[in-house]
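Participant: Task: produce atomic coordinates for the following.
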Amino acid sequence: MILMILFGVTILNSVFLLQVESEWELRKERNDIRIYTRKVEGYKIQEIKGVTEIEASPERILKVLRDVEGYPEWIHSCVTAEVLQRSGDDKIIFYSVIKVPWPATDRDMVQKMEIEHQQGSIQTHIVSIPELLPEKKGLIRMPVSNGGWKLIDRDNGTTLVEMQFLNDAGGSLPGWLVNMLLTESPFQTMSGLKVQVKKDKYD
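Facilitator: Residues are numbered from 1 along each chain as shown. Model (predicted):
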């Protein structure tokens, strides 16, 4: 089902190093989760960042991020997720479908994730590779969904979790839906991660 893609570290240096960007603006804060957005030159949809603390180690949270098939259990509006190719534990190509409220059309994504281990932290780098699979009828392929997760060990049994993504949803979306994507979707995803990481399957 897959062509082999170059897995090198030319990953846009993740969204943590982007083009021309403005300052972050706090858009939502609740349940110890903060959601920020900022404008990025050349993109209609603003970049998003979520920040929270989770009572779990970075390694346990990483198990959740590696569990692609489990994404529909906690990633907001994700209805399907499957691994297309896995190279060891730290290089994964995966496909997912995002349910979008009517009258908009559901989106799908093909992405590559690489995991970087550092002293006291773990970072995932995620970049879209939309050309890897043929587009599917009834879905709009997202051309860009680049970013990742950063997990910083607090040395007290908790982890500082940062999620950052820059998206181009493809096609057109109504303004109310864009606003949901910017605030509610990342908030629900981070809330879901806090619940997911407690499940026994990650013991």
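Participant: middle-most residue in the protein, spatially?
Facilitator: Centroid check for the chain by C-alpha atoms, centre = their mean gives Gly148 as the closest residue, at 5.6 Å.
Participant: quick one: pLDDT of that one?
Facilitator: pLDDT recorded at Gly148 is 98.
Participant: and what of Val64?
Facilitator: So, for Val64, pLDDT stands at 98.
Participant: Which strands or helices does the helix or strand containing it pack on?
Facilitator: Following DSSP states H and E, one finds Val64 within helix 58-66. Counting contacts by 3 or more C-beta pairs under 8 Å, 6 or more residues apart in numbering; DSSP states H and E, helix 58-66 is packed against strand 107-118, strand 121-128, strand 144-153, strand 159-168, helix 184-196. Any C-beta I mention is one placed from the backbone N, CA and C, and that applies to glycine too.
Participant: Out of all residues in the protein, which is the farthest from the middle?
Facilitator: In terms of distance from the mean C-alpha position of the chain, Asn156 ranks first, at 25.7 Å (C-alpha atoms, centre = their mean).
Participant: wait, doesn't the residue nearest to the centre of the chain sit right on Gln123?
Facilitator: Yes: shown here, Gly148 and Gln123 form a contact pair, counting by C-beta atoms under 8 Å, at 6.2 Å.
Participant: which parts of stretch 169-184 are buried?
Facilitator: Neighbour counts over stretch 169-184 (16 or more other C-beta atoms under 10 Å) mark Ala169, Gly170, Leu173, Leu177, Val178, Met180, Leu181, Leu182, Thr183 as buried.
Participant: got the CA coordinates for that stretch in CSV?
Facilitator: Presented in CSV, the C-alpha positions along stretch 169-184 are these (Å, rounded to 0.1, in the frame of the first residue of the first chain):
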residue,chain,number,x,y,z
ALA,A,169,-7.6,21.9,5.8
GLY,A,170,-7.9,22.1,2.0
GLY,A,171,-11.1,23.3,0.3
SER,A,172,-13.2,25.9,2.0
LEU,A,173,-14.6,25.9,5.6
PRO,A,174,-17.2,28.1,7.2
GLY,A,175,-16.0,30.6,9.7
TRP,A,176,-17.7,28.9,12.7
LEU,A,177,-15.9,25.7,11.9
VAL,A,178,-12.5,27.3,11.6
ASN,A,179,-13.0,28.9,15.0
MET,A,180,-13.8,25.4,16.4
LEU,A,181,-10.7,24.0,14.8
LEU,A,182,-8.6,26.7,16.4
THR,A,183,-9.9,26.4,20.0
GLU,A,184,-12.3,23.6,20.8
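Participant: Much appreciated, bye for now.
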